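Enquirer: Any chance you can model this:
(6 chains)
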4 protein chains.
Amino acid sequence: MRKHADEASSTKQDRHTELVKIAYHEIVEKGFEGLRIRDVAAKAGVNNATLHYYFRTKETLIHGVVQYLMQEFTTQRIPRENNEESNALNAIRYEFEDMRFRLKSMPEMFTVLAELSLRSRRDAGIAEMMKQTKLGWSHYLRGLLMDGIEQGVIRKSIDVEATIDLIMLQMSAIGYQSVELGYSDGLDRIISLLIVQTERFLTDED
Amino acid sequence: MRKHADEASSTKQDRHTELVKIAYHEIVEKGFEGLRIRDVAAKAGVNNATLHYYFRTKETLIHGVVQYLMQEFTTQRIPRENNEESNALNAIRYEFEDMRFRLKSMPEMFTVLAELSLRSRRDAGIAEMMKQTKLGWSHYLRGLLMDGIEQGVIRKSIDVEATIDLIMLQMSAIGYQSVELGYSDGLDRIISLLIVQTERFLTDED
Amino acid sequence: MRKHADEASSTKQDRHTELVKIAYHEIVEKGFEGLRIRDVAAKAGVNNATLHYYFRTKETLIHGVVQYLMQEFTTQRIPRENNEESNALNAIRYEFEDMRFRLKSMPEMFTVLAELSLRSRRDAGIAEMMKQTKLGWSHYLRGLLMDGIEQGVIRKSIDVEATIDLIMLQMSAIGYQSVELGYSDGLDRIISLLIVQTERFLTDED
Amino acid sequence: MRKHADEASSTKQDRHTELVKIAYHEIVEKGFEGLRIRDVAAKAGVNNATLHYYFRTKETLIHGVVQYLMQEFTTQRIPRENNEESNALNAIRYEFEDMRFRLKSMPEMFTVLAELSLRSRRDAGIAEMMKQTKLGWSHYLRGLLMDGIEQGVIRKSIDVEATIDLIMLQMSAIGYQSVELGYSDGLDRIISLLIVQTERFLTDED
DNA sequence: GATGAATGAGCATTCATTCAT
DNA sequence: AATGAATGAATGCTCATTCAT
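Expert: Have a look, this model is predicted:
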């Protein structure tokens, strides 16, 4: 019960994160519909009033989950050397490969993402957080595409904005698919197809 | 309240469908999470016990919605002459065009579809109904692809099964995208890109 | 569906009795608490509104069950020759034997009787019907006791009214016991004991 | 509302018992059929959700009532000196006297007992609790009878098991009778008759 | 920081009853 | 005589939230 002084400062943050993670996994299992403040508290081994001490409302907790997820999504990638990405076309392929990596190693992330996406329609807070993440992503892709054009590895004639959207849409599609059917060899093959298709699209003159 | 003679015989069916349609729109607005039997009944102008007369449980009503949606999804397409589809490659493009048509004229359908997809993870009944529809769809696409190969308009070297999955995934992706951001010119452009990409994929030898 | 003319007049009565009997068996299985107008109607193969045509309210139906039960209770006995009962002491023993007979051949009767007895506390109608039956029974026993005294087979010194109550209480006791534990050899032995005890009580001078 | 310092620690237990007692009296008045969670809560002056805080389900509350009743039944007796019971025959008479005492001072107990007995047919939990109490009772009587035989105040020739059943049945009978007609002088007389009859049965060689 | 107790508002479901046909 | 449709009034139960301690 009692903590050492040096732990005390981080204790609150710890519990905060702990509760968010539990909520996250509850959503994976039961969806937003099935998320119960009491269940989260129980799994954390605390009273449900205690949870309200950390998160004033259920909504606050959910926003905590969103933040956690968005951060995870941006952070969790295949570790690789910086110079590997020197070629923009490769970097884009790496994006797909990162997706494959996440799909295999943390499939629940996409379940929560799908739940979140739906909920964002009715929760402006969630919508905003997701929008920011997407903006960051599209910004990154824009940079890659323009680098690629400059490097001469991507054809000049592409419609940059539409291409960004196309790539993001295809990656989202993979995520949704995995939520519906789980990760499979079939999905793996499709990712490979998409990589080929995308590379061809980015390089072949019509 | 008023009843035409020719309507009288189908009253029960009417109310059944009426309730399903109302539930459908409630789901569009508030999601599954926000679906309340009482609200549906109220919007239909009947007592909530009456709703239970038609649908024994909430689940039954929801399954009614699924059935309605699946049927709508399969039925609502751009009306066109039979002979137009004679070319299999065209027919596949028509699939995308139908999608565009649905996206514009009945965007709510995709919202419900997304909700359904998520819920199917926890409701075997829904999962089964959706699976059947998807099976029907993939069956249809398989036919088209093989016709196309036979007609010589699609290259022999494609992996038929993977291609089916790829096309369905891309179409689903469009749906999800529209749920998140609504229909937009951007999405319209992406569809066009996808059509081009797909046709190229189906015809160009590597 | 259509009935012959000679059946028509008794049809209504038939359905009436049919419904009462079904209700009776529903009470046996599920108790008053579990009695549902709809279930009775369903088992009779009619619409529940039809049941309301025959019995305006649930209470009416229940009163029908009481009447049916009380009549059954008074009627169902071991068939025996009139002259067998010439001896009043024998006649009283026959009462116990009839009880044994009913216990074995129609145990459900006592279940309903127990349910009824409890319900009579809150339903004046039931209370009255049961009271009448009990009055008839005590009247009959009184006659037997006085005959017995006159015949010299029962001692003059008994308190007639108290003895009537005692006998009725013991018989009720047997009924309740059978409801709780079902009919058993143990109960059978107790009945025999009670017969002996009662005869001794009625004949032995203290 | 007001709380003494010495009561404070046992508040939860208090409310628990309070709710059980209220439920108990509701059953007396309206039977199991008429027991409403809301009414119990209202009479306790608490929100009905509060009742669910103490008793997760209606069934749990009812089981609480059973437990309470069974304990009351075993505990509530005429206070008497230990040495008074030294004679086993007296002790058995005391059983009847205790019954008379309970009948007069807490007649509702037998109403609930009757309701319980009926309900136990459909509720295994209740059945079990009642069975245990009955087992304890029969065990106690067996001890008395065998003591009596050893002491020479009860004849050796009795069938111990059947006698236990007989005594218990007669006591139950008294209870049921009081439920039906309330406590009366008539019932009082019957108890006296039963005591005499039982003593005679236990002592007289046939 | 943490908790036990309490609650308001709500929810799906049930059921006897009614009524137009 | 019979029924399909409809309903009002409950009913047990749930859940996020609050508050005194």
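Enquirer: What is the neighbour count of whichever residue of chain A sits closest to DNA strand E?
Expert: Distances between chain A and DNA strand E by C-beta to the nearest atom of the strand are smallest at residue A:49, namely 2.9 Å. All C-beta spots, glycine's among them, are computed from the backbone N, C-alpha and C. As a burial measure, residue A:49 scores 8 neighbours (other C-beta atoms under 10 Å in any protein chain shown).
Enquirer: And it, what's its pLDDT?
Expert: Looking at residue A:49, its pLDDT is 96.
Enquirer: What about contact with chain D: does the helix or strand where it lies have any residue there?
Expert: Using DSSP states H and E, residue A:49 sits in helix A:48-54. No. With C-beta under 8 Å from any C-beta of the partner chain as the criterion, chain D is not reached by helix A:48-54; the gap is at least 12.0 Å.
Enquirer: Name the residues of that helix that come out as buried.
Expert: Counting neighbours by 16 or more other C-beta atoms under 10 Å in any protein chain shown, one finds that the buried residues in helix A:48-54 are A:51, A:54.
Enquirer: Equivalent analysis for stretch A:160-180, please.
Expert: Across stretch A:160-180, burial judged by 16+ other C-beta under 10 Å covers A:162-180.
Enquirer: Give me every residue in chain A lying close to chain B.
Expert: Taking C-beta under 8 Å from any C-beta, the part of chain A that reaches chain B is made up of A:30-34, A:111, A:114-115, A:117-122, A:159, A:161-163, A:165-166, A:169-170, A:172-174, A:176-177, A:179-180, A:186-187, A:189-190, A:193-194, A:197, A:200-201.
Enquirer: For the closest residue to residue A:105 other than its chain neighbours, give me the pLDDT.
Expert: Nearest non-adjacent residue to residue A:105, counting by C-beta to C-beta, 6 or more residues apart in numbering or on different chains: residue A:76, 7.8 Å away. With respect to pLDDT, residue A:76 scores 88.
Enquirer: Tell me which residues touch residue A:62, please.
Expert: Applying C-beta atoms under 8 Å, 6 or more residues apart in numbering or on different chains to residue A:62 gives the contacts A:23, A:32, A:35, A:119, A:123, A:126.
Enquirer: farthest-separated two in these?
Expert: By the measure C-beta to C-beta, A:23 and A:123 form the most distant pair in these, at 14.8 Å.
Enquirer: which one of these two has more residues nearby?
Expert: Set residue A:23 next to residue A:123 and count neighbours by other C-beta under 10 Å: residue A:23 wins out with 27 against 18.
Enquirer: Let me see the contact set for that one.
Expert: Contacts of residue A:23 (C-beta under 8 Å, 6+ apart): A:35, A:40, A:61, A:62, A:64, A:65.
Enquirer: Excluding chain neighbours, give the residue nearest to the third one in space.
Expert: Leaving out its chain neighbours, the residue that sits closest to residue A:61 by C-beta to C-beta, 6+ apart is residue A:55, at 4.1 Å.
Enquirer: Pull the residues that contact the helix holding residue A:49.
Expert: A:12, A:15, A:16, A:19, A:37, A:38, A:40, A:41, A:42, A:44, A:61.
Enquirer: Next, see if whichever helix or strand comes after that helix gets close to DNA strand E.
Expert: Note on helix A:48-54: by DSSP H and E, the next helix or strand toward the C-terminus is helix A:58-75. No. Using C-beta under 7 Å from any atom of the strand, helix A:58-75 stays clear of DNA strand E, with a minimum separation of 11.7 Å.
Enquirer: contact partners of the following helix or strand past helix A:58-75?
Expert: Tracing the chain past helix A:58-75, the next element assigned as helix or strand by DSSP H and E is helix A:88-105. Contacting residues not belonging to helix A:88-105 are listed as A:73, A:76-78, A:80, A:84-85, A:109-110, A:141, A:144-145, A:147-148, A:151, A:153-154, A:167, A:171, A:174-175, A:178, A:183, A:187-188, A:191, A:194-195, A:198-199, A:202-203 [C-beta under 8 Å, 6+ apart].
Enquirer: residue contacts, the residue nearest the centre of chain A?
Expert: The residue lying closest to the centre of chain A (C-alpha atoms, centre = their mean) is residue A:73, at 3.1 Å. Residue A:73 makes contacts with A:102, A:109, A:113, A:133, as judged by C-beta under 8 Å, 6+ apart.
Enquirer: I'd like to know how many residues surround the first one.
Expert: This means residue A:102. When neighbours are defined as other C-beta under 10 Å, residue A:102 has 21 of them.
Enquirer: same question, residue A:72
Expert: By other C-beta under 10 Å, the residues close to residue A:72 number 15.
Enquirer: If we ignore the residues flanking it in sequence, what's nearest it?
Expert: Of all residues not flanking residue A:72 in the chain, residue A:109 sits nearest, at 6.4 Å (C-beta to C-beta, 6+ apart).
Enquirer: In strands, which of the buried residues of stretch A:160-180 appear?
Expert: The members of the buried residues of stretch A:160-180 all map outside strands under DSSP state E.
Enquirer: Break chain A down into its structural domains.
Expert: Segmentation of chain A into domains, based on automatic domain parsing, reads A:5-56, A:71-203.
Enquirer: now those as JSON lines including distance to DNA strand F?
Expert: Output for these, formatted as JSON lines (distance: least, C-beta to the nearest atom of the strand, whole Å):
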{"stretch": "domain A:5-56", "distance to DNA strand F": "4"}
{"stretch": "domain A:71-203", "distance to DNA strand F": "13"}
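Enquirer: Redo those domains as JSON lines? Include distance to residue D:92.
Expert: JSON lines is the format used below for these (distance: least, C-beta to C-beta, whole Å):
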{"stretch": "domain A:5-56", "distance to residue D:92": "53"}
{"stretch": "domain A:71-203", "distance to residue D:92": "70"}
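Enquirer: neighbouring contacts of the strand or helix carrying the residue nearest to residue A:72?
Expert: Assigned by DSSP H and E, residue A:109 belongs to helix A:108-119. With contact meaning C-beta under 8 Å, 6+ apart, helix A:108-119 is reached by A:24-25, A:27-28, A:31-32, A:62, A:65-66, A:69, A:72-73, A:76, A:102-103, A:126, A:130, A:175-176, A:178-179, B:31, B:33, B:114-115, B:117-118, B:121, B:176, B:179-180.
Enquirer: filter the contacts of helix A:88-105 to the buried ones?
Expert: Buried among the contacts of helix A:88-105 (16+ other C-beta under 10 Å): A:73, A:109-110, A:141, A:144-145, A:147-148, A:153-154, A:167, A:171, A:174-175, A:178, A:183, A:187, A:191, A:194-195, A:198-199, A:202.
Enquirer: any idea which helix or strand of chain A has the worst average confidence?
Expert: Ranked by mean pLDDT, DSSP states H and E, the weakest helix or strand in chain A is helix A:5-30, scoring a mean of 81.
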